[in-house]
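Asks: coords please:
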Amino acid sequence: MRTILSAVLIVLVTLLVPASAVAYWADRELGDADRYTAAMAPLAEDPAVQEVVVTQTARALSGQIDVGPFQSGVDALLGDALRSFAGTPAYRTAWDAANRAAHAAFLDALTTGHGNAVTIDLAPVVASIKSELVADDVPFADRIPVSERLSVEVMEYDNLGALRKGFRMLQIAGVWLPVLTLLLAATAIAVAVHRRRAVLATGLGLAVGAVLLWITVAVCRRLTLDDLPADIDRAAAGAVYDALTAFLRTTAWVVLVAGLVAALAAWVSGRVRRTP
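Replies: Coordinates of the predicted model:
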């Protein structure tokens, strides 16, 4: 009976490893503005992401500047200026500010229950861009308006209420699910008749759970990119997904190594005991 109970607990631990990692990730990584911004910060230097930012920003700003017959020339000049701006420290500061604003907007939509769309205010970012362009004497840059609120809708969801409930459940689970996984692993070893074998099996269970987590992240990446509209840059979207899920991939490797080390230690211990 104790052997069966231990085996059942080890199976539960295996299945809870990916669930615990995702819950903790949603609560402590996606739910924290500083960690979210830090995860997105390296993308400021990603070429694919930079190109998307430049293109979208140039499109938004060109609509704010009316220079009549000179419009096409100014648009081209603005695009070149923004590409140069993308390599400056001011751009990285603006990138962090935009991501912090996006995180605040997304978290507000998930926690307040207001509306079915997520919008972010780009006015602080535009102000930073304008000051840099004016300092570089870019023609007509002084005409970029920044006094009015410039918002952009980044997500519209038909049933945001369901997403709110799911996110709330992950936040709650993020506190206790990892602890429960560790307690079940310890219990599986404690109740086992042959504890060394239980340690070996638990270690292998953790390793299998880590592989399941890695597979989940990889499959979700493919599904996410395949479901994007045709006008979304796949390389940039992939870079964003990889940045946001870096914690999960790191966790998978850590748990995999820890599980294999525990299993190997139990196996070596058994071999040593059998040696005359």
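
Asks: Can you give me the buried ones in stretch 224-240?
Replies: Across stretch 224-240, burial judged by 16 or more other CB atoms under 10 Å covers 236-240. Quick note: C-beta positions are derived from backbone N, CA and C, even for glycine.

Asks: CA atoms only: put it into CSV for me.
Replies: Presented in CSV, the C-alpha positions along stretch 224-240 are these (Å, rounded to 0.1, in the frame of the first residue of the first chain):
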residue,chain,number,x,y,z
THR,A,224,0.9,31.4,-30.7
LEU,A,225,2.9,32.4,-33.8
ASP,A,226,0.6,30.3,-36.2
ASP,A,227,-2.4,32.2,-34.8
LEU,A,228,-1.0,35.7,-35.5
PRO,A,229,-2.5,37.9,-38.2
ALA,A,230,-0.7,37.9,-41.5
ASP,A,231,0.6,41.5,-41.0
ILE,A,232,2.4,40.7,-37.7
ASP,A,233,6.2,40.2,-38.1
ARG,A,234,6.9,36.5,-37.0
ALA,A,235,10.5,37.2,-36.1
ALA,A,236,9.6,40.0,-33.8
ALA,A,237,6.7,38.1,-32.2
GLY,A,238,9.0,35.1,-31.7
ALA,A,239,11.6,37.3,-30.0
VAL,A,240,8.9,38.7,-27.6
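
Asks: And the contacts of it?
Replies: Outside stretch 224-240, the residues that touch it by CB atoms under 8 Å, 6 or more residues apart in numbering are 40, 43, 46, 48-49, 51-52, 221, 241.

Asks: ok so, going back, now the buried residues of stretch 224-240 in JSON lines, with distance to Ala265, secondary structure and pLDDT?
Replies: What follows is those, written out as JSON lines (distance: CB to CB, whole Å; DSSP: H, G, I helix; E, B strand; the rest coil; pLDDT from 0 to 100):
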{"residue": "Ala236", "distance to Ala265": "44", "secondary structure": "helix", "pLDDT": "84"}
{"residue": "Ala237", "distance to Ala265": "42", "secondary structure": "helix", "pLDDT": "83"}
{"residue": "Gly238", "distance to Ala265": "38", "secondary structure": "helix", "pLDDT": "87"}
{"residue": "Ala239", "distance to Ala265": "38", "secondary structure": "helix", "pLDDT": "88"}
{"residue": "Val240", "distance to Ala265": "39", "secondary structure": "helix", "pLDDT": "85"}
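
Asks: Give me the pLDDT for Lys63.
Replies: One thing to correct before we go on: residue 63 is Gly, not Lys. Note on Gly63: pLDDT of 65.

Asks: picking that back up, I'd like to know which of the contacts of stretch 224-240 are buried.
Replies: By 16+ other CB under 10 Å, the contacts of stretch 224-240 give 40, 43, 46, 48-49, 52, 241 as buried.

Asks: Show me those residues that map onto helices.
Replies: By the criterion of DSSP state H, membership of the buried ones among the contacts of stretch 224-240 in helices covers 40, 48-49, 52, 241.

Asks: Give me the residue at the spatial middle of this protein.
Replies: Leu244 (1.9 Å; CA atoms, centre = their mean).

Asks: Setting aside sequence neighbours, what's the nearest residue to that one?
Replies: Excluding its sequence neighbours, the residue lying closest to Leu244 (CB to CB, 6 or more residues apart in numbering) is Ala39, at 6.1 Å.

Asks: what does Ser131 give?
Replies: Leaving aside its sequence neighbours, Ser131 sits nearest to Ala90 (CB to CB, 6+ apart; 7.9 Å).
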